[in-house]
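Visitor: would you be able to build a 3D model of this:
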Amino acid sequence: MAKSLKTDRLVLRPLATVDAAWMVSFWREKEVYRNTGSIPANVDDEFVEKRIKSAHDGEEAQIAMIRIIELNDERAGIVSLNRSTTTEAYSLGYAIHPKLKGQGIATEASGTLLNWADSFVTPRYYISGHFADNPASGAVLRKLGFLPCWRGPVFSAGREEKADHIYMSRLAS
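Guide: Below is the predicted model:
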């Protein structure tokens with residue numbers, strides 16, 4: 001299943017060990033780790049190596065599709081679909097390097113991954129969400145067809161506390 005996906009301007013490719021140093025640097029960006037639930041502020045090489053191995057194992061088990069987003073042959077961010085078991089819905093996640101925000105990369109990359117997955121995922125819906133103080137992420141999700149479902153506190157490893165979170169869902173096409 002591990003394959004690269006392409007748009008007119010982006011390449012979404014599987015994670016590789018060569019990405020480790022970039023991932024450490026990327027996930028140490030405050031604007032990145034604060035807006036994710038699972039990335040701590042103090043990311044280190046061991047954390048990233050485990051994530052890369054987990055991505056490969058998850059792809060094999062059909063519970064994860066994680067791609068590096070490349071723009072003009074440079075890493076721009078990460079987009080993923082993850083779930084704990086094959087009977088659960090996939091959860092969409094994405095993070096774009098702060099210097100590249102506002103260029104539609106998150107929408108384009110996420111839409112590409114969702115469109116590819118639509119042909120084979122079950123169950124036939126996705127979940128996602130965003131922290132309430134990150135409305136730009138909510139705008140991306142709405143452009144992708146996600147609708148708000150509920151709201152509640154979620155622990156953010158990067159913030160080291162719970163934060164108000166808006167849950168969203170979308171039916172597969």
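Visitor: now do the helices in this protein.
Guide: Ranges of helices in the chain, per DSSP state H, are 20-27, 30-33, 45-60, 105-118, 135-143.
Visitor: who touches the first one?
Guide: The set of residues external to helix 20-27 that reach it, using CB atoms under 8 Å, 6 or more residues apart in numbering, is 15, 32-33, 39, 43-45, 48-49, 51-52, 75, 77-78, 95, 97. Just so you know, the C-beta spots here come from the backbone N, C-alpha and C atoms, and that holds for glycine as well.
Visitor: which of those residues are buried?
Guide: Neighbour counting by 16 or more other CB atoms under 10 Å classes 15, 32-33, 39, 43, 48, 51-52, 75, 77-78, 95, 97 among the contacts of helix 20-27 as buried.
Visitor: this protein: strands as residue ranges?
Guide: 5-6, 10-14, 64-71, 74-82, 90-96, 125-131, 147-156, 161-171 (DSSP state E).
Visitor: want to throw those strands into JSON lines with mean pLDDT and distance to residue 114?
Guide: Below are those laid out as JSON lines (pLDDT from 0 to 100; distance: least, CB to CB, whole Å):
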{"stretch": "strand 5-6", "mean pLDDT": "96", "distance to residue 114": "11"}
{"stretch": "strand 10-14", "mean pLDDT": "97", "distance to residue 114": "11"}
{"stretch": "strand 64-71", "mean pLDDT": "96", "distance to residue 114": "10"}
{"stretch": "strand 74-82", "mean pLDDT": "97", "distance to residue 114": "8"}
{"stretch": "strand 90-96", "mean pLDDT": "97", "distance to residue 114": "7"}
{"stretch": "strand 125-131", "mean pLDDT": "97", "distance to residue 114": "7"}
{"stretch": "strand 147-156", "mean pLDDT": "97", "distance to residue 114": "14"}
{"stretch": "strand 161-171", "mean pLDDT": "97", "distance to residue 114": "8"}
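Visitor: turn the ones you listed into CSV, columns for distance to residue 102.
Guide: As requested, those are exported to CSV (distance: least, CB to CB, whole Å):
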stretch, distance to residue 102
strand 5-6, 22
strand 10-14, 15
strand 64-71, 13
strand 74-82, 12
strand 90-96, 9
strand 125-131, 16
strand 147-156, 22
strand 161-171, 20
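Visitor: nearest to residue 116, out of these?
Guide: Of all the strands of the chain, it is strand 5-6 that lies closest to residue 116, at 5.6 Å by CB to CB.
Visitor: within the sheet, what are the partner strands of the closest one, with directions?
Guide: Here strand 5-6 has these sheet partners by DSSP bridges: strand 10-14 (antiparallel).
Visitor: between the partner strand and strand 74-82, how many degrees?
Guide: Strand 10-14 runs at 60 degrees relative to strand 74-82, counting by axes from the mean of the first three to the mean of the last three CA atoms, to 10 degrees.
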